[in-house]
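# Predicted model follows, preceded by the sequence.
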2 protein chains.
Amino acid sequence: MRRITILGLEGFPLVKEGDDIAATIVDVARRNGVGIEDGDVIVVSQKVVSKAEGRVVDLNDVEPSEEAESIAKLTEKDPRFVELVLRESRRVLKVDPHSLVVEDNRGFTYINSGIDKSNVEGPTRYCLLPEDPDESALRIAERITQLTGRRVGVVVSDTSARPFRRGLVNFAIGLAYLDPFRDYRGQEDLFGYVLRVKRVAVADEIAAAAELVIGQGREKVPVAIIRGLRISASKHSARELAVPREEDLFRGLP
Amino acid sequence: MRRITILGLEGFPLVKEGDDIAATIVDVARRNGVGIEDGDVIVVSQKVVSKAEGRVVDLNDVEPSEEAESIAKLTEKDPRFVELVLRESRRVLKVDPHSLVVEDNRGFTYINSGIDKSNVEGPTRYCLLPEDPDESALRIAERITQLTGRRVGVVVSDTSARPFRRGLVNFAIGLAYLDPFRDYRGQEDLFGYVLRVKRVAVADEIAAAAELVIGQGREKVPVAIIRGLRISASKHSARELAVPREEDLFRGLP
């Protein structure tokens, strides 16, 4: 029988700029009595990664551009917030009083470029996504290996809205030592028919699974260990998960 | 420390119309040495539910309508297949050579109404989604309780494509004894700020987690048990997860 365990690490301290997240993970995993094992996939919430990387901005330090001012009027948002969204995005896809949808600098389609207020101290301070979440994941993975001698995969995850369905789910926005896909194409099914379009986004499913223990409020569980998966030796990027708009089968729905 | 276990039940027999899926689950769980426990959430792939419910159709028994014929030309699909898609949908949202997107009879936005060929025997036979997946989930949950005395939650899941991101993921399309959401609205974050839009779609995250052990090919693991979650006494529906197009923040992207 296949068994995968999701471990939510409790007692994670508040993270501040410059903190060594990997060392904290190793320490908290030890104090939780589970340690780090070879092949573990460590899912780390974007927020703690961003905080450690100093990606928190105070709106009082932001000077909005003219474009930000005009989008702010249409969206009923603070122009300084809109300015941050624009800086973090390549392309504005939708502007209306309910939502500001962009393609962000990493290629992901996001409301507000993933910029968020929750669990950030101070009334005008907001958290941006890590500049390069794959790079963040790689740094954490290699530092954990350095500290423990264990080979691990890492996913940097963010909980966000998606089309068609209510509620947020957790997605992979950065990864290291993990193939984001399980590829069935060319394999046969139970009756010998060749599977054509079956490529499963396991990195997103891993992020979603982790969120079941992570939580979004005061839980203080920003990291989960997923034990029982297969990690990868080859180089991958969470950006492989982003579909360019031109190739998106759902593009242009009314 | 929070711990959730995902158990992939191996040795599940091929399912045919009329089979008692719940009894099979109980039997296979016992043979896998894990049994069924109070509070388990059982995730069941749509395909085995549909097969047991006789939702497999042979294209040779389908007479395409004129609308199906004309959409078949535009999408380069078999008109009998398109006829099935139309019967299973309320509204056609997109027709082009690459995709046929609809709002299905249950309210979910789907490519091809979720109709699929994989792991269905016979070259012209296709599997439809369960007619009422919530009802299917409820029947399975109550029958498992009847057989074991254990209270369980059930999710009927389907692996499907989504906008913006490559690869399929597993979603909840039916559920019983499980609240599809974990609601943070009105709660405070670590620094006392009230969380406004945080409602997490845990039912979809549970389905995604289950897929990590279920697999889409010849694995013969159509059922997973998720142990360590909280189930619900009140009545819910997976249809709560469907956002009407009018309310979808991502609606109308170019």
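Perfect, I can see it now.
# Could I get the contacting residues of whatever residue of the stretch 51-200 of chain A ends up closest to chain B?
At 2.9 Å from chain B, A:G167 is the closest residue in the stretch 51-200 of chain A, using C-beta to the nearest C-beta. Where C-beta positions appear, they are placed from N, C-alpha and C, glycine not excepted. Contacts for A:G167 (C-beta atoms under 8 Å, 6 or more residues apart in numbering or on different chains) come out as B:180-181, B:199-202, B:204, B:241.
# now the strands for chain A?
A:2-8, A:41-45, A:56-58, A:89-96, A:99-104, A:109-111, A:125-127, A:153-160, A:169-176, A:182-183, A:199-200, A:223-227 (DSSP state E).
# which stretch in the ones you listed has the least confidence?
For the strands of chain A, the weakest mean pLDDT is recorded on strand A:182-183, namely a mean of 89.
# can you give me the offset of the helix or strand of chain A with the lowest mean pLDDT from its chain's centre?
Lowest mean confidence among the helices and strands of chain A (mean pLDDT, DSSP states H and E): strand A:182-183, at a mean of 89. Chain-centre distance of strand A:182-183: 20 Å, with C-alpha atoms, centre = their mean, to the nearest Å.
# distance of A:C127 from A:Q46?
Distance, A:C127 to A:Q46, by C-beta to C-beta, to the nearest Å: 8 Å.
# before we move on, what about A:R87?
Using C-beta to C-beta, one obtains 17 Å as the distance from A:R87 to A:Q46.
# These two: who's more crowded?
Each of A:R87 and A:Q46 has its neighbours counted (other C-beta atoms under 10 Å in any protein chain shown); A:Q46 has more, 26 against 15.
# Would you mind measuring from the more buried one to chain B?
For A:Q46, the distance to chain B (C-beta to the nearest C-beta, to the nearest Å) stands at 14 Å.
# wait, does stretch A:51-65 contact chain B?
No. Judged by C-beta under 8 Å from any C-beta of the partner chain, stretch A:51-65 makes no contact with chain B; its nearest approach is 11.1 Å.
# contact partners of that stretch?
Contacts of stretch A:51-65 (C-beta under 8 Å, 6+ apart): A:15-21, A:50, A:72, A:78-84, A:86, A:120, A:122, A:124-131, A:136.
# restrict the residues you listed to those near chain B?
Applying C-beta under 8 Å from any C-beta to the contacts of stretch A:51-65, those adjacent to chain B are A:120, A:122.
# Looking at the contacts of stretch A:51-65, which are in helices?
Within the contacts of stretch A:51-65, residues falling in helices by DSSP state H are A:21, A:50, A:72, A:79-84, A:86, A:136.
# In JSON lines, list those residues along with pLDDT and neighbour count.
JSON lines is the format used below for the ones in helices among the contacts of stretch A:51-65 (pLDDT from 0 to 100; neighbours: other C-beta atoms under 10 Å in any protein chain shown):
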{"residue": "A:I21", "pLDDT": "97", "neighbour count": "24"}
{"residue": "A:S50", "pLDDT": "97", "neighbour count": "26"}
{"residue": "A:A72", "pLDDT": "96", "neighbour count": "20"}
{"residue": "A:P79", "pLDDT": "97", "neighbour count": "20"}
{"residue": "A:R80", "pLDDT": "98", "neighbour count": "20"}
{"residue": "A:F81", "pLDDT": "97", "neighbour count": "22"}
{"residue": "A:V82", "pLDDT": "98", "neighbour count": "28"}
{"residue": "A:E83", "pLDDT": "98", "neighbour count": "21"}
{"residue": "A:L84", "pLDDT": "98", "neighbour count": "20"}
{"residue": "A:L86", "pLDDT": "98", "neighbour count": "18"}
{"residue": "A:S136", "pLDDT": "98", "neighbour count": "26"}
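# Tell me the one of those nearest B:I36?
A:I21 (38.8 Å; C-beta to C-beta).
# Now do the same contact list for the closest one.
Counting by C-beta under 8 Å, 6+ apart, the residues that A:I21 touches are A:15, A:44, A:48-49, A:52, A:140.
# I'd like the distance between the nearest residue to A:G107 once chain neighbours are set aside and A:E131.
Leaving out its chain neighbours, the residue that sits closest to A:G107 by C-beta to C-beta, 6 or more residues apart in numbering or on different chains is A:A242, at 4.1 Å. Spatial separation of A:A242 from A:E131 under the definition C-beta to C-beta is 16 Å.
# Neighbour count: the two, which is higher?
Between A:A242 and A:E131, counted using other C-beta under 10 Å, A:A242 has the larger neighbour count: 19 against 13.
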